[in-house]
Every structure is written in structure tokens, then in C-alpha cells.
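Chemist: this one's structure only:
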Ligand SMILES: [Zn+2]
């Protein structure tokens, strides 16, 4: 009699545990953001630069993920897809990425997260002092002259997060 009770209790516990696990996994599945490991350090860099300027970045709360894909359209290096229900997606063109310098990569991530996280639109203003693009958020490489460097990076990031 004793062993019957123990056996059934164990069975019940295991079933309950299994059910619990299935429920936890089922819930978690919807919330998992799958940012490509290649992009993770750059997403973290964006969050760190934002934090330095008083902006808290939580990609899970904001529901933003980053993906590497082959973008078919020519001259499109990256994209931000906004969708209220599904995760917002930053999509980076693999070929462009693989042939880019470190600063080009940073520019692309900051630009796309400028759309996806900061909700910024394009901004083609020219800085009269430098005759260069005033913002990382310029629309195309032809819009104004732009070259992200060690020297102007801070100012561009101040502008990006300061809007
Ligand atoms: Zn853009």
C-alpha cells in the first residue's frame, strides 16, 4: 500500500513537472529573439553608447532582433522592419557586411537601430561647419558626404541619441 502511494505520487509529480516544462517552453518560444551572433556585439555596442547618454536599451522589451540575410535589392545594405506585434527586425546584407570596415559596420548598425529602436526617420541635413552629413540617419550615400571615423564618432553618436 505504501509503495503504491509513493509510485502514484511520483507519477503525478513527473506529469506535473513535464506539463510545467511544456508550458514554460511554450511561453518562452514566442519571446525568444534570435539576433545573429555576428550582430550581438554591435547591438551591445549600441546599447552601451545609449547608456552613456542616459538611454536604456532593452532589446527584449523593445522586441527587436537582428538578422543577416542576402538582401536582393541592389544598394540596400540594411533594413529595419517595424511591426507592432512581431519583433522588429534589423536585417543586414551579408555580402556588404563581409566586405565592410569596422566603422562601416558600426555605421550600419547605428543607422538601422536608429530606425528600429529610436524611431528616427531619415535626416539629410548637412553640417555647415564640416560640409558633411549632419546625421548618421542620412538616407543614401549620395545624400551628403559621410565618413565615420574615430574623430567624428562621438559627435555623430551624440546627435543620434540626442534627437
Ligand atoms: Zn535608413
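Modeler: That came through, no problem. Quick caveat, the model's predicted, so the values are computed rather than measured. Residues are numbered from 1 along each chain as shown.

Chemist: hang on, residue 80 in a helix?
Modeler: No - counting by DSSP: H, G, I helix; E, B strand; the rest coil, residue 80 is not part of a helix but strand.

Chemist: In the protein, what residue spans correspond to strands?
Modeler: 64-69, 78-81, 88-93, 126-127, 132-133 (DSSP state E).

Chemist: neighbouring strands for the second one, and are they parallel or not?
Modeler: It refers to strand 78-81. strand 88-93 (antiparallel) (DSSP bridges).

Chemist: swap in the fourth one?
Modeler: Here strand 126-127 has these sheet partners by DSSP bridges: strand 132-133 (antiparallel).

Chemist: related to what we said a few turns ago, could you say which of the strands of the chain is packed most deeply?
Modeler: The highest mean neighbour count among these, using mean count of other C-beta atoms under 10 Å, belongs to strand 88-93: a mean of 23. Every C-beta, even on glycine, is put in place using the N, C-alpha and C of the backbone.

Chemist: Can you list the neighbours in contact with it?
Modeler: 36, 39, 62-71, 76-83, 108-109, 112-113, 116 (C-beta atoms under 8 Å, 6 or more residues apart in numbering).
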